[in-house]
Structure formats: C-alpha cells, structure tokens
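K.L.:
Have a look at this fold, sequence not included:
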C-alpha cells in the first residue's frame, strides 16, 4: 500500500462537486441547488487499487481572479500544488463558462482530469458534446458522468489513478495571450521564472527581491505600460483571452437544439421571477409549506405526547417500586424528563416536515430564485443579497441561519445578517404561533397558515428595516456586489434529500435543543417547588415582572415564560401553564379549547394574544443560537447586540400595540 494520495476537487458553483465528493467518499455532505454552499474546504477519504486517497472539495469558484473569500480559498489551494491530481468538475449544460476555470488551472498544473458532469441534463436539453475532441483540444482526460446516479464515477477513479501513478501523462493546451503580455512573460521566463509565476507577478504588481529577476520584472512592466495593458487592463486582457479560448473549444465540440425542458424552465421563470408574479408566487409557496407543516405535524405530535405520557407513568411507577423518594421522582420525571420529552414531541414533527420541504425546494431550484427576488430589497437596505439566503435558513433554525452567514464575504454585512437572523421565526417558535393563532384567531388550518405567513412577512419587513438602520449607524457602509447564478430546475432526489435533511439538520438541531432542555427542566422544577410562604418562587418572580409585562400587553407570567424558555422556545407555553395553575410541574393540555379556557381565565384577550405572538417573533435568541453567534463572531459586543436589537424592537412593538388597542 502506498502513502495517502491527495486529490483536489474544483469547479464552478453548482456543478455537482459535492455530489461527486459524496459518491467518492461515502460522505453525506449536503448538496444544494444554489451557489455558495461550500464555503469551507471539505475533505474525505476513499480507497482504490491499493491506494488511500484524501479528497479535498474546494469552494466553488468561477475564476482564479478572485472576487470573494470562497474563490480565494480555492485559488490558494490550487496554487499550493498540495495534491497529486485535480479533478475539474464541469457542467455539461454550460460548457463554455465552465471551461474558463479549467483553462486557468491548466496553467498551474498538468495533472488534471475533467469530469463532464450533468450529462443527463445535457441530453434533456438536446446538447451533444464530443468528449474525444474536447479531450484532444484541452490536452487532458475527459470523463462523462452523471454523479447523481453514480454513472461515470468508476471511469473517474481510473483516470485519477492513471495520473497519480504516471500511467496517464496529460499535456494541457497552452493559453496564448496578446503579444505585449507574451513578450512581458517571455522576459521573466528567460530570467528563470515559471510561466504562471510570471503571470501572477505581473497581475499582482509584486516587485521581486532578487536583483536579476527585479531587472527582468521592470523590463516586463515597461513593455506592458508601453502598450497600455498594465494593472486592470492586464487582468481584463488575460481574462478575455481565456473567454475566447473557451468559446472556441465549446463551439467546436458541442451542438445543441431547443428542448422541451428549456421551454418549461422559461415558463416557470416567468411565473417565479416575473415583475408582477414573483412576490405572489413566493407568498403562495411559503403558505403551502407552512400549511403542510401545520396540518402535518399535529397528529404525530399528539401521538408522541401520548407515548411519552405513558412512559413517564411507567418510569415513575418503576422508580417508586424500587424505593426512590417521591421528591426525586418528581425532579427526574416531572422536571428534567418532562421538559426534555416536551421539546421532542413539539419540535420533532414540524422540523421533520419543514426542513425536508425547504431542502426539496432548494434542490429543485426554487429557493435560489426567491433569494434572487429578495436581493434588490436587501441591497437597497445597504446589506448583501446573500442575506436573503441566511434569512430563509433562519425559518428552519436561527442557529443554522447564523452559520449560513459565512457565505457573506464582507465582515460588516455578515454581522448584519447574524444580528437580524433571530427576526426569522424559527421552527421552535411555530408551536406557540400556531397554537395562539388557532385559539384566538381561527381554527381553519389554511387561514392559520395565511396568518402565519403574515407574521413571516412582518418579520421580513423588520429584518430589512433593521438592516437599513444598522447600515446608517453602528455598521455603516455600502452594499457589496452579489453574483447569484440561477441553477436549472432539477428533479429532486426525494428519498435521499429527505433522509439527509432529517439526519443532518433535524436530528442535529433536536440534539442541541435536548441538551439545553434537560438543565432547563431542572431549573424550572426548582423554581416551581421552592415556596416563599404558600407561594411558589415562580409566582413571586412572575409578580415582580408583572408591571413590565402589562406595559407590553402581556403579563408577568408570559414574560417569565419567555425568560425561562431561553434554552428552547418550545417550552414557553408549558411554563406559562405551569405558573398559572401553580402545579409545580410542567403540564400538558388535553385540547386547544381547554388551554384557551385556562388562558382566558387568567386575563388573556385578543390583544394579549397578538402581543404574545409579536414578542415571540422579536425577542432575544435562544441559547443555542446565542452560543452559535458567539462562536461565529468571537465578540461579546456583537453577541450582546444580537440580544439587545430584537429585544428592544419586540418591547417597542408590543407597547405600541397595547397602547393602540
């Protein structure tokens, strides 16, 4: 067995690199259908013909002339030559654009394999590519593949193995630039510089320290200045040469004709991105997703609660039979375990519906178009268009939305996206919004979905307003450019996506919520069972908070519920119930009607319900999200801002609503 071989995986965004990575390594890295998914350098291992291979999945990049952090990471790794072969993944449906990167990489290394991916999509679009001719013109092996179904992966393995072992020796076609550039590069090459090093030296304007090379460099710069191709003109001229070569190769090796798939895509784009239809269609899509989440999560949630109730009784009886004291049983079963099981029962069903639906929309190509529609709104607020993507992620989980802000290059704009992400009502806040909506506004699931959609629209509006306010105050600056390539519509891999989403997002978020729910259950039980006279400490604290709560259209109990619900938003309603009923333990309710009766008896009105929903959307992030913010920013200041900004907005809005009504 030889030592571990290092292989790099490069390509434009959205060409299927992550899918190829998963096929080769057996990993389940999420593969989305929009650009900017792979921000960090992922790696995995595979074994082939008595060799261990380590595969590096580089961030997607259109060019080695960088314009973002992702492209910088990819370029630096490619230039490092810390690999024995590089696989350039190319989209067969867009050959000309993808060849730009291949030609640029071929100037750095000759150990290249081109993987012509998405051949099934090309066939649907009536695109034919002569792979033998393409391989001849590029001077490197070309492998046809459809990575989503595993076709061509074995041929790719063999081609990589051939290059690594020396059985295949590619001879990449040389790129030729305009005469002044070739003359300048020739001067540096004669002085001992490698061709690509000479190009980078002239591109960066870096004067070498070596005297001989310095003289050659100054001579080369004089040549470029004489023909006015220095600085930006040098980069533009070089880029133009690459584009022309790509266009020539693409025109020579490919033929295409209009297809039915293209006609269908144009029709869909007219609906999803039309001037007058984009916003309504986006609202309809969100409404359907929310309706499916609401309607679909009720039954499994009730089923889980019934199972857990029986388990609690069985465990309590078992603990009593072996002689465990009743206070200990109450602490473990009615305190720690009940909060934990409540979080699972309430959180798991809607997450198991909501996250996969979002992933399917992403893979189909709908979410990138929603982000495209929202881009002008965010840019007009001085934020980056990529914030639209992180905002959408936040509807599933704010912690996921915060980590998603890594795709934003500007530190200023990344902070804005992080601070405002908690405005997106996450999966943990849906149970409260759904329950209160059904009790005080309407019992119809479709109308509930529309009301919930109105809440989401208001959260989006507040995200934009807050982003604008921060760009004019604490985070001043202009919006950076955002290039979003709209991917083609693709038939999602339903079962694979659903399984991956449940495993990677649902269980991941659930485990984090459970980890904080157990300690929260302990604290809540202690507060509910320590009495001052005949009054629970929980009620004493609620009475202390009552004036502040009344000012906001709430009461002290509701305010206490949100404070103690800091570990997980799902437990806010159970805490409110427990405090109202003074039971000393978290209780469930048999129906929404019985819950409404309890709330109305304790002074709830429609105004209270509205203020509770508004405060649920605009208050401090949960503990999981706050910890994620700290890890992402490494700053007490910006972590505190993530608490203060939404909290102030929530207090002001609730106070205004209370004053008006």
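P.N.:
Yes, it's here. None of these values were measured; they are calculated from a predicted model.
K.L.:
chain center to the longest helix along the chain, what's the gap?
P.N.:
Looking across the chain with DSSP state H, the single longest helix is helix 278-321. Relative to its chain's centre, helix 278-321 lies at 24 Å (C-alpha atoms, centre = their mean, to the nearest Å).
K.L.:
so what secondary structure elements neighbour that helix?
P.N.:
Packing partners of helix 278-321 (3 or more C-beta pairs under 8 Å, 6 or more residues apart in numbering; DSSP states H and E): helix 260-272, helix 326-329, helix 338-364, helix 366-380, helix 430-440, helix 445-472. The C-beta positions use only the backbone N, C-alpha and C, and glycine is treated the same way.
K.L.:
looking at the ones you listed, which is closest to residue 523?
P.N.:
Among the helices and strands packed on helix 278-321, the nearest to residue 523 by C-beta to C-beta is helix 338-364 (9.4 Å).
K.L.:
now the end-to-end length of stretch 110-122.
P.N.:
27 Å (C-alpha to C-alpha, to the nearest Å).
K.L.:
got the buried residues for stretch 469-477?
P.N.:
469-471, 475 (16 or more other C-beta atoms under 10 Å).
K.L.:
circling back: the helices and strands packed on helix 278-321: which one's closest to residue 237?
P.N.:
Going by C-beta to C-beta, the one of the helices and strands packed on helix 278-321 nearest residue 237 is helix 366-380, 30.3 Å.
K.L.:
My read is that residue 401 contacts residue 423, right?
P.N.:
No - the criterion here is C-beta atoms under 8 Å, and residue 401 misses it with residue 423 at 9.9 Å.
K.L.:
Mutual contacts of these two, please.
P.N.:
When contacts are counted by C-beta atoms under 8 Å, 6 or more residues apart in numbering, residue 401 and residue 423 are jointly contacted by residue 394.
K.L.:
Just give me the neighbour total for the spatially closest residue to residue 575 that is not a sequence neighbour.
P.N.:
Excluding its sequence neighbours, the residue lying closest to residue 575 (C-beta to C-beta, 6 or more residues apart in numbering) is residue 561, at 4.3 Å. Using other C-beta atoms under 10 Å, residue 561 has 25 neighbouring residues.
K.L.:
roughly how far apart are residue 561 and residue 491?
P.N.:
Distance of residue 561 to residue 491, computed by C-beta to C-beta, to the nearest Å: 44 Å.
K.L.:
which of the buried residues of stretch 469-477 lies closest to residue 191?
P.N.:
residue 475 (47.3 Å).
K.L.:
That closest one: what secondary structure?
P.N.:
Of the three states, residue 475 takes coil under DSSP: H, G, I helix; E, B strand; the rest coil.
K.L.:
Check what pLDDT it gets.
P.N.:
At residue 475, the predicted lDDT confidence score is 86.
K.L.:
hang on, isn't it packed against residue 415?
P.N.:
Yes - applying C-beta under 8 Å as the test, residue 475 and residue 415 come out as touching, 5.9 Å apart.
K.L.:
so who does the spatially closest residue to residue 621 that is not a sequence neighbour touch?
P.N.:
Nearest non-adjacent residue to residue 621, counting by C-beta to C-beta, 6+ apart: residue 422, 4.2 Å away. Neighbouring residues of residue 422 by C-beta under 8 Å, 6+ apart: 394, 398, 620-621, 625, 642, 646.
K.L.:
which of these are buried?
P.N.:
Among the contacts of residue 422, the ones that count as buried by 16+ other C-beta under 10 Å are 394, 398, 620-621, 625, 642, 646.
K.L.:
These: which two are farthest apart?
P.N.:
394 and 620 (14.7 Å).
K.L.:
Which pLDDT value belongs to residue 6?
P.N.:
93.
K.L.:
Confirm that it sits in a strand.
P.N.:
Yes - under three-state DSSP, residue 6 sits within a strand.
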